[in-house]
Structures are given as structure tokens and as C-alpha cells.
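1. Sequence plus the predicted model coming up.
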Amino acid sequence: MNIDDVILQHLYDNIGNFVPGVEICREAEVSRIAIWNRIKGLRKMGFNIESKKGVGYKLVEKGKNIIIPFEIRNRLFTDVIGKRIEHYRFTSSTMDEAENLIKAGCPQGTVVIADEQYRGRGRRGKEWFSPQGNNIYLSVILFPEYLSMECGILIMFMGSIAIVKTLSDYGIDAKIKWPNDCMVDGKKMGGVLMETTSEGEFIKNIVLGFGININQDEFPHSLKDIGISAVAKVKHKIDRVDIITRLLYYLEELYLSLGKGGREKILDLWKGYSDTIGRKVVVDAGNRVIEGEAKDIDECGFLLVETNRVLKKITCRESLRYI
Ligand code: BTN
């Protein structure tokens with residue numbers, strides 16, 4: 001446990017009562033001044049902690065909407081995903097941090113979260129709007145066994161299904177637009193970015209990045225008409241820790257089912273939540289433009305678009321628009 005975790009554990013165990021600073025020092029094996037400095041840090045994060053000279057520290061109430069590992073871990077009900085959580089107040093991208101953690105030998109299920117990203121990225125090289133404090137920027141590290149590169153898209157589907165299920169717990173009816181845009185009222189509330197490394201024909205590791213607009217009141221001009229936040233639908237601020245714990249739970253449920261014949265279930269869920277099947281679409285893949293009707297997805301998750309009575313396979317690297 002790091003110092004913050006030790007302090008918070010003591011304070012949570014004695015919530016509403018003073019805990020002598022010396023007790024925390026002993027357990028954390030650091031000086032009083034180090035504890036005091038961390039208390040100031042925890043206050044900055046939003047914890048309401050009182051201090052009384054010669055008495056100690058008191059947590060007045062549980063932290064609200066503070067996405068630090070201690071808070072998440074306390075409320076997490078998963079076995080694999082989130083057993084290790086790394087938190088950054090400010091980073092380039094949780095995808096970059098995840099990559100470094102993989103190189104350093106982190107375990108499967110490691111979760112990386114950030115309060116703010118200065119180079120958040122989306123699919124197809126797009127920027128992901130990542131201002132401080134309101135939304136969810138999170139990456140999950142997975143080491144799937146014997147999943148061919150070709151079927152990696154199933155993992156990406158799991159990501160968007162997990163987002164839709166999470167939002168539905170809040171009464172938000174999100175739909176998935178090919179391949180993984182989580183749309184509400186025709187605007188984007190969340191997205192999933194998948195970055196993989198392969199060994200031969202199999203996937204060695206996956207970083208699955210989630211961006212979900214939660215409490216963002218305002219969007220920059222360029223995103224105003226295409227982005228939407230959960231707060232706009234539920235009309236009150238949402239506890240991001242609750243969103244994260246639900247998201248990780250749904251993701252783990254799907255991920256663990258994959259090895260037990262869950263592939264069909266994932267494809268069916270994706271189809272059920274998607275509003276792409278049955279729509280007239282234009283796929284712009286750079287080197288080809290396909291116009292037709294989105295008919296179905298195949299067993300590996302490729303989208304099948306019918307054009308001139310021929311079914312064409314669309315990969316997850318290709319985006320489309322509805323017509
Ligand atoms: C998309 O284009 O729809 C995917 C967006 C994914 C954004 C998330 S935010 C957390 C993680 N870090 C990033 O830089 N991107 C992903």
C-alpha cells in the first residue's frame with residue numbers, strides 16, 4: 001500500500017472520528033511531516049479531512065467522485081480486472097502509460113486511469129477531448145489466450161457493450177454505431193480504442209481504452225453538435241467511481257465468458273445494442289468507398305455490407321456514416 005492508501009484506510013476505518021497521526025506514521029513508516037503533506041494532497045483531491053493539533057485527523061465523510069485507486073478498489077467486485085490500478089492526475093494518454101506498464105511486466109487486468117490527458121487519442125488518429133476532472137479516461141490491459149488477430153475485434157465489442165450496459169444502469173439508452181461508438185440521441189457519449197501487440201497469428205496483449213463523457217457540461221465548439229455527456233441525460237452529477245466499477249464488472253463478465261464459448265453471446269449482444277444493422281451506410285476506407293445496407297456481422301465480427309447483391313466485409317479500422 002502507498003502512503004495515501006494507508007492514510008485513507010485508517011480514516012475510513014474510523015470515519016467521523018479522529019485518528020492519532022502517530023498511528024498512521026507507524027503503519028506507513030514515514031514521518032509526521034510526510035503524513036501532513038499527503039493529507040494536504042488528499043484534501044486537494046476533494047477529501048474532507050479535519051485536523052486537530054495533538055489529536056489527529058478525521059475524515060468527515062466518504063470521498064465523492066474521487067477516482068483514486070483506494071476509492072475504486074473499495075467498491076470493486078471483480079476478480080481479475082482492476083486488481084492493480086494506476087492513477088495519474090495528468091498524463092499524455094492512459095494508452096501510453098499502459099504500454100509502459102506492460103513493458104515493466106504488469107499483471108493482466110491492470111487498469112490505468114487519469115483525471116486529465118494532454119494527448120488523449122481516439123480511433124483513426126483522432127484527438128480525444130480529455131479535460132480535467134469530469135469524464136472517464138481509462139485503459140485496461142489484457143493478455144487473452146489464443147485469440148487470433150482476426151478476432152480481436154470481439155474484445156473491442158466487449159468494451160462498447162460494457163459501456164452501454166453501464167449507461168443503461170443510469171437509465172441512459174445508448175446504441176452502438178459501428179464499430180464501437182456509444183451514441184445517445186445521435187451524439188457520441190463514449191468510445192473504445194484498442195491497441196494490440198501480436199505474436200505470430202495470436203494477440204499477445206491488448207490495451208483497451210475507454211473514453212466516456214460523464215459530467216462534462218460544455219464541449220468546445222467543434223464537438224458541440226457531435227458530443228454528449230451522461231449528465232445531460234440524468235440531470236445530476238454522476239459518481240465516476242460508480243461508473244468505473246460497473247464498467248469493469250461488465251467488461252470482466254464478458255471477458256471471462258470468451259474462453260467458455262461466450263463468442264456467440266458477445267456477437268449477439270453487440271447486434272442487440274447496435275443501431276447499424278439494417279441501416280443504409282457509406283463506408284469510407286480511404287482506398288475504397290462502399291455504399292450499401294449493413295446486413296449483419298460475421299463470426300469474427302466483420303460488418304457485412306450488401307452492395308449490388310454482394311456482401312462486403314468491413315473491418316473495425318473502417319468507419320461509416322448513415323445515409
Ligand atoms: C474513439 O475514438 O471512439 C475511442 C476513444 C478512446 C479514448 C480513450 S480515453 C482513455 C484512453 N486513452 C486515450 O488516449 N484514448 C483512450
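-> Received it, and whenever you're ready, just let me know what you need.

2. who touches residue 266 in this structure?
-> Listed by Cβ atoms under 8 Å, 6 or more residues apart in numbering, the contact partners of residue 266 are 154, 157-158, 161, 254, 257-258. Quick note: C-beta positions are derived from backbone N, CA and C, even for glycine.

3. and with 7 Å instead?
-> With contacts defined as Cβ atoms under 7 Å, 6 or more residues apart in numbering, residue 266 is in contact with 154, 157-158, 161, 254.

4. Then residue 300?
-> Applying Cβ under 7 Å, 6+ apart to residue 300 gives the contacts 150-151, 153.

5. And the pLDDT for it?
-> With respect to pLDDT, residue 300 scores 86.

6. how far away is residue 221 from the ligand?
-> Using Cβ to the nearest ligand atom, to the nearest Å, residue 221 is found at 19 Å from the ligand.

7. ok, that residue - how many residues close by?
-> Residue 221 has 7 neighbouring residues, counting by other Cβ atoms under 10 Å.

8. which ones are touching residue 197?
-> Contacts of residue 197 by Cβ under 7 Å, 6+ apart are 204-205.

9. Kindly report the same for residue 18.
-> Taking Cβ under 7 Å, 6+ apart as the test, what residue 18 contacts is 52, 55-58.

10. Just give me the closest of those residues to the ligand.
-> residue 57 (33.5 Å; Cβ to the nearest ligand atom).

11. follow-up on the earlier one: among the contacts of residue 266, which are in reach of the ligand?
-> Contacts with the ligand are made by none of the contacts of residue 266, judged by Cβ under 6 Å from any ligand atom.

12. out of those residues, which one sits closest to residue 99?
-> Within those, the smallest distance to residue 99 is 20.2 Å, found for residue 158 (Cβ to Cβ).

13. Quick check: closest non-adjacent residue to that closest one.
-> Spatially, and ignoring its direct neighbours in sequence, residue 158 is nearest to residue 254 (4.2 Å; Cβ to Cβ, 6 or more residues apart in numbering).

14. picking that back up, check the contacts of residue 266 and tell me the two furthest apart.
-> Most distant of the contacts of residue 266, by Cβ to Cβ, are 154 and 161, 10.2 Å apart.

15. Which one of these two is surrounded by more residues?
-> residue 161 (25 against 21).

16. For that one, give me its contacts.
-> Residue 161 sits next to 254, 266, 269-270, 273 when contact means Cβ under 7 Å, 6+ apart.

17. Between the residues you listed, identify the one with the most neighbours.
-> Top of the contacts of residue 161 by neighbour count (other Cβ under 10 Å): residue 270, with 25 neighbours.

18. Confirm it sits in a strand?
-> No - counting by DSSP: H, G, I helix; E, B strand; the rest coil, residue 270 is not found in a strand; it is helix.

19. I appreciate the help and will end here.
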